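1. 3D model of this:
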Amino acid sequence: MAKITYIEHNGTRHEVEVRPGMTVMEGARDNGIPGIDADCGGACACSTCHVYVDPAWVEKLTPRDPMEDDMLDFAYQPDPERSRLTCQIKVTEALDGLVVQMPERQI
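-> Model (predicted):
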(Lines give C-alpha, C1' and ligand atoms only; values in the text may rest on other atoms or scores of the structure.)
Protein backbone atom coordinates (compact mmCIF):
# COMPACT_ATOMS: atom_id res chain seq x y z
CA MET A 1 0.00 0.00 0.00
CA ALA A 2 1.07 3.58 -0.62
CA LYS A 3 0.20 6.34 1.83
CA ILE A 4 -1.14 9.37 -0.04
CA THR A 5 -1.82 12.71 1.64
CA TYR A 6 -4.62 14.79 0.15
CA ILE A 7 -4.77 18.40 1.36
CA GLU A 8 -8.00 20.31 0.92
CA HIS A 9 -7.81 23.96 -0.13
CA ASN A 10 -8.58 24.98 3.47
CA GLY A 11 -5.57 23.00 4.74
CA THR A 12 -7.41 19.93 6.06
CA ARG A 13 -5.19 16.88 5.56
CA HIS A 14 -6.35 13.35 4.77
CA GLU A 15 -3.77 10.53 4.87
CA VAL A 16 -5.03 7.32 3.33
CA GLU A 17 -3.53 4.09 2.09
CA VAL A 18 -4.14 3.35 -1.58
CA ARG A 19 -3.56 -0.01 -3.22
CA PRO A 20 -0.98 -0.08 -6.03
CA GLY A 21 -2.65 -0.26 -9.43
CA MET A 22 -5.38 2.18 -8.48
CA THR A 23 -5.22 5.84 -9.41
CA VAL A 24 -4.83 8.73 -7.00
CA MET A 25 -8.37 9.74 -8.00
CA GLU A 26 -9.77 6.31 -7.07
CA GLY A 27 -8.00 6.55 -3.72
CA ALA A 28 -9.75 9.86 -3.04
CA ARG A 29 -13.13 8.60 -4.23
CA ASP A 30 -12.97 5.35 -2.27
CA ASN A 31 -11.98 7.17 0.92
CA GLY A 32 -14.52 10.00 0.69
CA ILE A 33 -11.92 12.74 0.24
CA PRO A 34 -13.69 16.04 -0.57
CA GLY A 35 -12.40 18.29 -3.32
CA ILE A 36 -11.85 15.72 -6.07
CA ASP A 37 -15.11 15.51 -8.01
CA ALA A 38 -14.02 13.13 -10.80
CA ASP A 39 -17.13 13.81 -12.88
CA CYS A 40 -15.96 11.66 -15.81
CA GLY A 41 -15.10 8.70 -13.59
CA GLY A 42 -11.44 8.67 -14.54
CA ALA A 43 -11.69 8.77 -18.33
CA CYS A 44 -9.51 11.90 -18.65
CA ALA A 45 -12.49 13.69 -20.19
CA CYS A 46 -12.76 16.55 -17.69
CA SER A 47 -10.58 18.39 -15.20
CA THR A 48 -12.55 17.84 -12.00
CA CYS A 49 -9.86 15.72 -10.36
CA HIS A 50 -7.21 18.41 -10.72
CA VAL A 51 -4.58 18.75 -7.96
CA TYR A 52 -1.28 20.46 -7.33
CA VAL A 53 1.47 17.93 -6.69
CA ASP A 54 3.86 18.75 -3.86
CA PRO A 55 7.07 20.12 -5.43
CA ALA A 56 9.14 17.28 -3.95
CA TRP A 57 7.08 14.78 -5.95
CA VAL A 58 6.73 16.47 -9.35
CA GLU A 59 9.81 14.85 -10.90
CA LYS A 60 8.99 11.43 -9.41
CA LEU A 61 5.75 11.08 -11.37
CA THR A 62 5.47 9.88 -14.94
CA PRO A 63 5.17 12.85 -17.30
CA ARG A 64 1.78 14.14 -18.42
CA ASP A 65 0.62 12.83 -21.77
CA PRO A 66 -0.91 15.14 -24.41
CA MET A 67 -4.51 14.26 -23.46
CA GLU A 68 -3.91 15.20 -19.81
CA ASP A 69 -2.23 18.44 -20.93
CA ASP A 70 -5.30 19.26 -23.03
CA MET A 71 -7.71 18.62 -20.14
CA LEU A 72 -5.62 20.73 -17.76
CA ASP A 73 -6.38 23.71 -20.01
CA PHE A 74 -9.89 23.55 -18.51
CA ALA A 75 -8.77 23.26 -14.87
CA TYR A 76 -9.15 26.03 -12.31
CA GLN A 77 -5.88 27.97 -12.07
CA PRO A 78 -3.56 25.27 -13.44
CA ASP A 79 0.10 25.44 -12.54
CA PRO A 80 2.39 24.57 -15.47
CA GLU A 81 4.73 22.56 -13.24
CA ARG A 82 2.58 21.10 -10.46
CA SER A 83 -0.91 20.53 -11.91
CA ARG A 84 -1.98 16.97 -12.58
CA LEU A 85 -5.22 15.07 -13.05
CA THR A 86 -5.40 12.43 -10.34
CA CYS A 87 -7.11 9.98 -12.71
CA GLN A 88 -3.85 9.86 -14.66
CA ILE A 89 -1.53 9.08 -11.73
CA LYS A 90 -1.23 5.32 -11.19
CA VAL A 91 -0.33 4.41 -7.65
CA THR A 92 2.80 2.33 -7.13
CA GLU A 93 4.70 1.53 -3.96
CA ALA A 94 7.23 4.15 -5.12
CA LEU A 95 4.53 6.80 -4.55
CA ASP A 96 4.35 6.02 -0.83
CA GLY A 97 4.30 9.47 0.81
CA LEU A 98 2.88 11.38 -2.19
CA VAL A 99 1.28 14.71 -1.23
CA VAL A 100 -1.30 16.49 -3.40
CA GLN A 101 -3.30 19.64 -2.74
CA MET A 102 -6.71 20.42 -4.15
CA PRO A 103 -7.43 23.78 -5.80
CA GLU A 104 -10.00 26.18 -4.38
CA ARG A 105 -12.59 24.63 -6.70
CA GLN A 106 -12.97 22.22 -9.57
CA ILE A 107 -14.40 23.28 -12.93
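
2. Please make it C-alpha for all contacts and neighbour counts, starting now.
-> Noted.

3. burial count for V16?
-> Here the count is done by other Cα atoms under 10 Å, and V16 has 18 residues near it.

4. roughly how far apart are it and L98?
-> To L98, V16 is 10 Å away according to Cα to Cα, to the nearest Å.

5. list residues touching both of those two?
-> Common contacts of V16 and L98 (Cα atoms under 8 Å, 6 or more residues apart in numbering): 3-5.

6. Now do the same contact list for the residue nearest the centre of the chain.
-> The residue lying closest to the centre of the chain (Cα atoms, centre = their mean) is T86, at 2.9 Å. T86 is in contact with 23-25, 49-51, counting by Cα under 8 Å, 6+ apart.

7. now do Q77
-> Neighbouring residues of Q77 by Cα under 8 Å, 6+ apart: P103.

8. follow-up on the earlier one: list phi and psi for the residue nearest to the centre of the chain.
-> Here is the backbone geometry of T86 (degrees, to the nearest 10): phi -70, psi -20.

9. hey, where'd the strands end up in this protein?
-> Under the criterion DSSP state E, the chain contains strands at 2-7, 13-18, 50-53, 83-85, 99-101.

10. which stretch among those comes nearest P66?
-> Closest of the strands of the chain to P66 is strand 83-85, at 12.0 Å (criterion: Cα to Cα).

11. can you list contacts of that closest one?
-> Outside strand 83-85, the residues touching it (Cα under 8 Å, 6+ apart) are 25, 44, 47-53, 64, 68, 72.

12. mind listing the helices for the chain?
-> Ranges of helices within the chain are 24-30, 66-72, based on DSSP state H.

13. and among these, the most buried is which?
-> Counting by mean count of other Cα atoms under 10 Å, helix 24-30 has the highest mean neighbour count of the helices of the chain, with a mean of 22.

14. counting contacts, what elements does it pack onto?
-> Applying 3 or more Cα pairs under 8 Å, 6 or more residues apart in numbering; DSSP states H and E, one finds that helix 24-30 makes contact with strand 13-18.

15. Could you rerun that using 10 Å?
-> The contact analysis (3 or more Cα pairs under 10 Å, 6 or more residues apart in numbering; DSSP states H and E) places helix 24-30 against strand 2-7, strand 13-18.
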